[in-house]
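Visitor: Quick one, what's the 3D model for this:
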Amino acid sequence: MQLKETINGLQLIQKWKGNVCKLWIYNPSDTKKTVSELEIYENGMPFSTDTKCYGEGYNKLCQYGGTIAKFNMTGSHGDEKHYHLFSEEGYSQCYNMILFMPEGNDAVLMGFTSCNRFSGIFRFNEEKIRILINMENMEIQPGEILELEQFFSATGEKNELLKAFGEEIKGNGCIFEDHEIPTGWCSWLAYGPNVTEENIYDNLHAIKENGLDLKYIQIDDGYQTYMGDWLYPTDKFKSGMKQLCLDIKKEGFEPAIWVAPFIAQKESRLFTEHPDWFVKDEEGKPVPSSRYTFGGWRCGPWYMLDGSHPEAQRYLTEVFRTMREDWNIKYYKLDANMWGGNAVWKSV
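Guide: Residues are numbered from 1 along each chain as shown. Sure thing, here's the model as predicted:
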């Protein structure tokens, strides 16, 4: 496929190797350029309106499918309505990959196989298809060359395309291999935010007595006094988190914990004592998440720590140092992005 060569005075540098293209953007002018969205491709829609298609969502709780004429969301947490992400009127939209499956012909897959810095966007309707990169109002200085994401485009049998696409993603280090399948019990699925210390002990002992082949005992959302105060458990955990985790290990299991380290609710000790550690608006006031995106599944609206603030960095270090060294926790389920709700298992 032929990508654009120039975009609003910028040059798109392309290096194709087979179905994969490395991309850079170059500013040849003597003035800086501020870029919100970089449109690298625009063309007429080559497929009929009843062509089946599939696209990924920006967040893990959302995918899209159907046809070009009726491209619908799968799931209940959409990018546009739930997370308030921008969607251009008159276009269907998905992120990072799209797959067209015309009846009786080869499928077509286009996507970004790296995610080092920017997200890719696909917009289309019955007449046109466009591919963009969200640059988030980045300034590109005169003479600057900025590396973008790696792009993939190929035609063929659907499953073979998906396999080839996955291999390219894997080659860019975007897949973390874990040879051990994690097995465990999670308090959220049974008790939600109302979990107590007694609940944890009761299930721990039942799992042990019944010989269930599980490794992790995960203490989920609800152990903390407030969102943001991860080192201060509620009065429902009277023995303290350190003792609870030691008891879990004594029974032969690994303690694990849920934590959303970058958010806090306004009632938290963290927010009330250190409002200057949070992302601020134009007036210098902390920004509630509900102004721009998802307000939070509970205890909202949330506020987001400013990761560039030295004291906020020290706070995050102290949270995980305490959990690891004092509480003896090595495994976390991180809600790592307040805007998208992405959660990952990680050993820290």
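
Visitor: tell me the domain boundaries of the chain?
Guide: The chain breaks down by automatic domain parsing into domains covering 6-171, 184-347.

Visitor: tell me, which of the ones you listed is the model least confident about?
Guide: Set side by side, the domains of the chain give their lowest mean pLDDT on domain 184-347, at a mean of 91.

Visitor: How far off centre is it?
Guide: Counting by C-alpha atoms, centre = their mean, to the nearest Å, domain 184-347 is centred 17 Å from the centre of its parent chain.

Visitor: Stretch 20-28 too?
Guide: The answer for stretch 20-28 is 25 Å, by C-alpha atoms, centre = their mean.

Visitor: Going by neighbour count, list what's buried in it.
Guide: The neighbour-count check on stretch 20-28 (16 or more other C-beta atoms under 10 Å) flags 20, 21, 23, 25, 27 as buried. Bear in mind the C-beta positions are built from the backbone N, C-alpha and C, glycine included.

Visitor: contacting residues for residue 7?
Guide: By C-beta atoms under 8 Å, 6 or more residues apart in numbering, residue 7 lies in contact with 25, 38, 39, 40.

Visitor: Out of those residues, which two sit at the greatest distance?
Guide: Across these, the longest distance by C-beta to C-beta is 11.6 Å; it joins 25 and 39.

Visitor: and residue 115, how far is that from residue 138?
Guide: In this view, residue 115 and residue 138 are 16 Å apart by C-beta to C-beta, to the nearest Å.

Visitor: repeat for residue 209
Guide: Separation of residue 209 from residue 138 (C-beta to C-beta) stands at 57 Å.

Visitor: Which of those two has more residues huddled nearby?
Guide: The neighbour comparison of residue 209 against residue 138 (other C-beta atoms under 10 Å) goes to residue 138, with 15 against 8.

Visitor: Show me the strands in the stretch 51-200 of the chain, by range?
Guide: With DSSP state E, counting those that start in this stretch, the ranges of strands along the stretch 51-200 of the chain come out as 52-56, 63-67, 71-74, 92-101, 107-112, 119-124, 128-140, 145-147, 151-156, 184-186.

Visitor: what's the closest of the ones you listed to residue 311?
Guide: Nearest of those to residue 311, taken as C-beta to C-beta: strand 128-140 at 24.9 Å.

Visitor: in that closest one, what's buried?
Guide: 129, 130, 131, 132, 133, 134, 135, 140.

Visitor: do the same with stretch 74-87
Guide: 77, 78, 79, 82, 83, 84, 85.

Visitor: For it, what is the distance to the chain centroid?
Guide: Centroid displacement of stretch 74-87 relative to its chain, using C-alpha atoms, centre = their mean, is 13 Å.

Visitor: Could I get the CA-only coordinates of it as CSV?
Guide: The C-alpha trace of stretch 74-87 is given here as CSV (Å, rounded to 0.1, in the frame of the first residue of the first chain):
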residue,chain,number,x,y,z
THR,A,74,-18.5,-5.6,21.5
GLY,A,75,-18.6,-5.1,25.2
SER,A,76,-20.0,-2.5,27.6
HIS,A,77,-17.1,-0.2,28.1
GLY,A,78,-16.7,1.7,24.8
ASP,A,79,-13.9,4.0,24.0
GLU,A,80,-16.1,6.9,23.0
LYS,A,81,-19.0,6.8,25.5
HIS,A,82,-17.3,5.2,28.5
TYR,A,83,-13.8,6.6,28.3
HIS,A,84,-14.7,9.8,26.4
LEU,A,85,-12.1,9.3,23.7
PHE,A,86,-12.5,11.5,20.6
SER,A,87,-14.4,10.0,17.6
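
Visitor: wait, what's in contact with the residue nearest to residue 20 when sequence neighbours are not counted?
Guide: Among residues not flanking residue 20 along the chain, residue 152 sits closest, at 5.5 Å (C-beta to C-beta, 6 or more residues apart in numbering). In this structure, residue 152 makes contact with 19, 20, 21, 109, 110, 111, 112, 113, 164, 165, 168, judged by C-beta under 8 Å, 6+ apart.

Visitor: ok, what's across the strand from residue 152?
Guide: residue 20, residue 111 (DSSP bridges).

Visitor: sorry, back to before: narrow the contacts of residue 7 to just the buried residues.
Guide: When the contacts of residue 7 are checked for burial by 16+ other C-beta under 10 Å, the buried set is 25, 38, 39, 40.

Visitor: what would those residues look like in CSV with distance to residue 298 and secondary structure?
Guide: Below are those laid out as CSV (distance: C-beta to C-beta, whole Å; DSSP: H, G, I helix; E, B strand; the rest coil):
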residue, distance to residue 298, secondary structure
25, 41, strand
38, 37, strand
39, 39, strand
40, 40, strand
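
Visitor: and which of the residues you listed is nearest residue 297?
Guide: Comparing those against residue 297 with C-beta to C-beta places residue 38 closest, at 33.0 Å.

Visitor: the helices in the stretch 101-250 of the chain, which residues?
Guide: 158-171, 188-191, 197-209, 241-250 (DSSP state H, counting those that start in this stretch).
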